[in-house]
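Asks: only geometry, no sequence info:
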């Protein structure tokens, strides 16, 4: 059994790889306001983009908008 913390720390974990092997299509999203049910249609597999272990956003603030939704 995979520890839950390991699944959260690794975006492409064993469960995601198994889903891809079964033909599901991963679709990444960043905004917490996106209705996940809309991204779960058909063979789509919604994956929330996170940055585990990152404490600052200085580099991202330079290149990305503050509201990526």
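Replies: Received it, and whenever you're ready, just let me know what you need. All values derive from a computational prediction rather than experimental measurement. Numbers count the residues shown, from 1 in each chain.

Asks: Leaving out chain neighbours, which residue sits closest to the residue nearest the centre of the chain?
Replies: Per Cα atoms, centre = their mean, the C-alpha nearest to the average position across the chain is that of residue 48, at 2.7 Å. Of all residues not flanking residue 48 in the chain, residue 29 sits nearest, at 6.2 Å (Cβ to Cβ, 6 or more residues apart in numbering). (Glycine included, C-beta is placed from N, CA and C.)

Asks: Quick check on the one you found: phi, psi?
Replies: Per-residue torsions, residue 29: phi -140, psi 150 (degrees, to the nearest 10).

Asks: Verify the stated contact: it with residue 50.
Replies: No - under the criterion of Cβ atoms under 8 Å, residue 29 is not in contact with residue 50, lying 10.6 Å apart.

Asks: Helices of this protein, start to end?
Replies: Along the chain, the segments classed as helices by DSSP state H run 4-9, 14-21, 58-63.

Asks: These: which one's closest to residue 39?
Replies: For the helices of the chain, proximity to residue 39 was assessed by Cβ to Cβ; helix 14-21 is nearest, at 13.3 Å.

Asks: Pull the distance from stretch 9-17 to the chain's centre.
Replies: 9 Å (Cα atoms, centre = their mean, to the nearest Å).

Asks: List the buried residues of it.
Replies: If you call a residue buried by 16 or more other Cβ atoms under 10 Å, then stretch 9-17 has these buried ones: residue 16.

Asks: where does the protein dip in pLDDT?
Replies: Judged against pLDDT under 70, the low-scoring parts of the chain cover residues 1-2, 66-69.
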